[in-house]
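> Just a sequence and a predicted model for now, questions to come.
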Amino acid sequence: MSTHRIEVCPGAVHLPGYLSLDEQCVLATRCLAIGTGPAGWYVPTVRGGGKMRVHMVCLGSHWNARTYRYEATRRDYDGLPPAPLPADLAALASKMATDAGMCLSPDVCILNHYGPDGKMGLHQDKDEHPDTLDAGVPIVSVSIGDTAKFILGGLARKEPKTMVLLASGDGFVFGGQSRLRYHGVAALLPGTGPPELELNGRYNLTFRQGAV
Ligand code: MD6
Ligand code: FE
């Protein structure tokens, strides 16, 4: 495990190779169990009626893709309550934030599975509590599997963008002045993940505080 950090811009810290291959394997197995378990994978439908290009599971609280709010049940899908956020995963995210020089006590995790042609449009994460956003409390992201072309923009949609390659085992801590930057995933680089993971595509976990 390494704590090499790259501050891409103030408050946006890339932690390449944060997890060892063994840790990645354990986490990949965990993600599969969560996604195929009770209240597992679903494809969210967004406000305009389109389907997202990922399979999603929320832990701890449910992010409703139609209302852009956190809710107690999967009201926009099957009405089930989300599974709790496991304490060891929350602790991992807190440690990553600390290693990036920030502070996080997460209450929710959104786990996404990207197939080989998965992507995520440019967005801001601004549905957490205003206190969280104002304080720049970060979102901690963990990537497992195929490398993603992560696009990082500014506070307005039109601003220039940079690309960060998020590889398997990388952390990305997104807070401070960068908390509300636009970002997205343009594409995966299929087949670039460690074969040991036996994962076709990519998992991304984002840990958040202030999901109310
Ligand atoms: C992804 N990540 O990496 C999508 N959001 O698949 C995000 O949307 C994201 O990586 C907030 C903070 C960090 C992230
Ligand atoms: Fe995001």
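Thanks, I have it. Ligands and ions are numbered 1, 2, ... in the order given.
> contacts and neighbour counts: CA atoms only from here.
OK.
> what does this protein put close to ligand 1?
125, 139-141, 174, 184-185, 204 (C-alpha under 6 Å from any ligand atom).
> Turn the buried ones among those into a named ChimeraX selection, would you?
ChimeraX command restricting those to the buried ones, with burial defined by 16 or more other C-alpha atoms under 10 Å:
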select :139,140,141,174,184,185,204
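> can you redo the residues of the chain next to ligand 1 as TSV with distance to Phe150, secondary structure and pLDDT?
Below are the residues of the chain next to ligand 1 laid out as TSV (distance: C-alpha to C-alpha, whole Å; DSSP: H, G, I helix; E, B strand; the rest coil; pLDDT from 0 to 100):
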residue	distance to Phe150	secondary structure	pLDDT
Asp125	15	coil	97
Ile139	15	strand	98
Val140	14	strand	98
Ser141	11	strand	98
Phe174	12	strand	98
Gly184	6	strand	98
Val185	5	strand	98
Asn204	11	strand	98
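> So which bits of the longest helix anywhere in the chain are buried?
Identified as the longest helix of the chain according to DSSP state H is helix 21-36. Neighbour counts using 16+ other C-alpha under 10 Å place 21, 24-25, 27-28, 31, 34-35 of helix 21-36 among the buried residues.
> Could you report the neighbour count for the nearest residue to Cys109 once chain neighbours are set aside?
Closest residue in space to Cys109, ignoring its immediate chain neighbours: Phe207 at 4.4 Å, by C-alpha to C-alpha, 6 or more residues apart in numbering. Neighbourhood size, Phe207 [other C-alpha atoms under 10 Å]: 27.
> can you check the one 5 residues further on too?
As a burial measure, Val212 scores 15 neighbours (other C-alpha under 10 Å).
> and what of Pro106?
24.
> where in the chain is pLDDT low?
1-2 (pLDDT under 70).
> the strands in it, which residues?
For the chain, the strands defined by DSSP state E occupy 6-9, 12-15, 55-59, 62-64, 69-71, 108-114, 120-123, 139-145, 147-152, 162-166, 171-174, 183-189, 202-208.
> Check the protein and tell me which residue is nearest its centre.
Taking C-alpha atoms, centre = their mean, the centroid of the chain lies closest to Thr206, which sits 2.7 Å from it.
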